[in-house]
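>>> Please find the sequence and the predicted model below.
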Amino acid sequence: MAEGRKIGISALYNRLEKEIEVQRELIKESDRKLFEEVLGQTLALEISNKIYQCENWVKNIDKMMRSMNTSSGLSLGLAWVSRKAETEGEMDSGELVELLKKDARERKDEDFEKISTHFSSRIKQARKSMEDSGRQQSLHSAISEILDYRKWFDFQMYYLKTGERKRELTNKVFSQFSGGEKAMSMYVPLFCAVAAKYDAAQSDAPRIISLDEAFAGVDDRNIGDMFRLMVSFKFNFIINSQALWGDYDTVPRLAIYDLHRPNNAKYVAVVRYVWNGRHREIVTDKEVS
């Protein structure tokens with residue numbers, strides 16, 4: 001039965017196919033209007049601003065890392081690389097961002113078509129992924145995940161050695177580094193990221209960093225460079241170590257507490273020292289008072 005009339009199976013099948021196609025076009029047009037309205041106005045501007053801030057943040061960290069000229073001749077850098085399209089209907093993240101950065105009045109119909117097709121494709125993938133995994137997720141959650149610009153990019157570390165060209169820092173390359181180079185590859189990005197966060201805070205915010213068993217297994221030359229980096233970032237650092245004193249010429253001043261617990265005693269003795277950039281001197285009780 002179709003509209004109260006008896007029709008054959010073949011005719012019913014054809015009619016249903018036409019109805020499905022009509023509904024598909026209506027949904028497509030509805031999606032297009034949604035993306036034109038939302039991405040063409042406030043959301044596109046908000047995403048663009050967030051991406052712009054992240055790009056500047058990455059540039060700042062990259063500049064800090066490259067300025068770290070260590071005695072070992074190794075320097076590091078950071079890049080934020082756009083992801084490639086996963087399906088035919090999608091765009092590379094770089095192309096998508098360029099369209100979103102455009103003023104809504106300057107976007108052509110073909111730009112809106114590309115944006116709509118891209119996000120429609122991503123929504124279909126999200127729906128399929130939910131169906132395949134059996135997860136329960138609302139369309140709103142799926143769209144929120146798709147519009148998360150942080151997932152449009154990948155962080156990429158690179159390194160440069162004296163006399164060599166810049167290369168990507170992969171796990172394989174990292175495994176071939178010396179102990180000091182491995183330590184630098186971990187500490188330098190960490191310190192730079194912390195410094196960038198502190199730079200975004202108020203000027204009177206404390207710049208504290210704390211390290212447990214700091215620089216274990218790193219040679220003295222590279223430890224001196226690590227301290228120089230922390231000093232250059234104006235960190236107030238609290239460090240504990242079994243062997244590290246911290247009295248390097250790259251440290252202008254330092255308070256040192258040497259803890260002693262003899263023969264499993266129930267107390268800990270504290271011997272205090274001061275490093276003034278040139279000499280390490282013990283602090284007596286008389287001097288404290």
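Perfect, I can see it now.

>>> tell me the contacts of Arg83?
Asp92, Ser93, Lys151, Trp152, Phe153, Asp154 (Cβ atoms under 8 Å, 6 or more residues apart in numbering). In short, each C-beta sits where N, CA and C put it, glycine included.

>>> try it again with 6 Å
Ser93, Trp152 (Cβ atoms under 6 Å, 6 or more residues apart in numbering).

>>> and what of Ala214?
Residues near Ala214 by Cβ under 6 Å, 6+ apart: Ile239, Ser241.

>>> Next up, identify which helix or strand it is on.
Taking DSSP states H and E as the definition, one finds Ala214 inside no helix or strand.

>>> got the domain boundaries for this protein?
9-68+85-152, 179-288 (automatic domain parsing).

>>> can I get those domains in CSV with mean pLDDT and distance to Gly163?
As requested, the domains of the chain are exported to CSV (pLDDT from 0 to 100; distance: least, Cβ to Cβ, whole Å):
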stretch, mean pLDDT, distance to Gly163
domain 9-68+85-152, 73, 16
domain 179-288, 86, 15
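
>>> Make TSV out of those and add distance to Leu74.
Below are the domains of the chain laid out as TSV (distance: least, Cβ to Cβ, whole Å):
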stretch	distance to Leu74
domain 9-68+85-152	9
domain 179-288	5
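
>>> correct me, but Phe227 touches Asp249?
No - in this structure Phe227 lies outside contact range of Asp249 using Cβ atoms under 6 Å: 9.2 Å.

>>> Neighbour count: those two, which is higher?
Phe227 (23 against 10; other Cβ atoms under 10 Å).

>>> Glu110 versus the more buried one, what's the distance?
Note on Phe227: its distance to Glu110, by Cβ to Cβ, to the nearest Å, is 56 Å.

>>> Surely Arg105 forms part of a helix?
Yes - membership of Arg105 in a helix is supported by DSSP: H, G, I helix; E, B strand; the rest coil.

>>> Strands of the stretch 51-200 of the chain, start to end?
In the stretch 51-200 of the chain, the strands defined using DSSP state E, counting those that start in this stretch lie at 74-82, 153-161, 167-168.

>>> could you give the angle of the second one to strand 74-82?
The reference is to strand 153-161. Put simply, strand 153-161 runs at 160 degrees to strand 74-82, going by axes from the mean of the first three to the mean of the last three Cα atoms, to 10 degrees.

>>> Name the surrounding residues that touch strand 153-161.
The contact list for strand 153-161 (Cβ under 6 Å, 6+ apart) reads Gly73, Leu74, Ser75, Leu76, Gly77, Ala79, Trp80, Val81, Ser82, Lys166, Glu168, Leu169.

>>> Show the buried residues in the residues you listed.
Leu74, Ser75, Leu76, Gly77, Trp80, Ser82, Leu169 (16 or more other Cβ atoms under 10 Å).

>>> Let me know which of the domains of the chain is the nearest to Thr162.
Nearest to Thr162, of all those, is domain 179-288, at 12.5 Å by Cβ to Cβ.
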